[in-house]
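[1] predicted coordinates and the sequence they were generated for:
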Amino acid sequence: KPPPTFDPTSLTGKKGSGQIHILLQQFNSAKEAKLSVDKFLGYFKVLEKAYAQGRGGNLFAALRQSDDLFSVVREVLRSPSSDNEPMNHGEFEAFIKNLIRIRDNCAHLRGKTGYAPSDPRIQTEVSPHVDVLGIIAQKVVERHL
């Protein structure tokens with residue numbers, strides 16, 4: 001299921017900082033991307049821009065320490081060990097680590113382990129996360145409105 005679109009009228013009269021416009025542009029760019037890898041990277045950049053600006057080189061620490069991101073992810077995902085329970089912080093950290101690993105491979109930041117255009121791992125590792133990451137990115141943008 002693709003992420004819902006923003007209603008432009010919801011921005012009418014809002015006096016957001018430049019940050020919200022950057023987040024919204026990044027989200028819309030990701031939404032328009034054709035390839036799963038490009039969508040994933042675009043949505044991930046929303047999280048980076050919202051929660052990891054000036055992180056001093058430690059992306060994982062910046063994202064895992066964000067209570068707001070933890071709250072957003074808990075709204076979207078349930079605990080992998082129990083369908084009725086909210087995700088705990090350890091599960092959130094594992095989720096963030098996995099997103100960063102996928103992001104690194106999408107951006108070929110891990111040398112030879114990056115995804116080539118026809119890599120079957122795109123279907124098994126990237127594509128299953130694109131829609132949920134899009135929903136998370138949208139909620140992040142909405143929280144910054």
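    Arrived safely. Residues are numbered from 1 along each chain as shown.
[2] quick check on Ala33: phi, psi?
    phi -60, psi 150 (degrees, to the nearest 10).
[3] meant to ask about Arg143, not that
    Backbone torsions of Arg143, given as degrees, to the nearest 10, read phi -70, psi -20.
[4] could you pull up the mean pLDDT of stretch 54-64?
    If you average the pLDDT over stretch 54-64, you get 86.
[5] show me the contact partners of that stretch.
    Here stretch 54-64 makes contact (C-beta atoms under 8 Å, 6 or more residues apart in numbering) with Leu47, Glu48, Tyr51, Ala52, Leu69, Phe70, Phe92, Glu93, Ile96, Lys97, Ile100. Using the backbone N, CA and C atoms, a C-beta is placed for each residue, glycine as well.
[6] save the residues you listed as CSV, and put in secondary structure, distance to Pro117 and neighbour count too.
    Formatted as CSV, those follow (DSSP: H, G, I helix; E, B strand; the rest coil; distance: C-beta to C-beta, whole Å; neighbours: other C-beta atoms under 10 Å):
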residue, secondary structure, distance to Pro117, neighbour count
Leu47, helix, 24, 26
Glu48, helix, 23, 17
Tyr51, helix, 30, 19
Ala52, coil, 27, 19
Leu69, helix, 30, 22
Phe70, helix, 34, 20
Phe92, helix, 31, 21
Glu93, helix, 31, 16
Ile96, helix, 26, 21
Lys97, helix, 25, 13
Ile100, helix, 22, 18
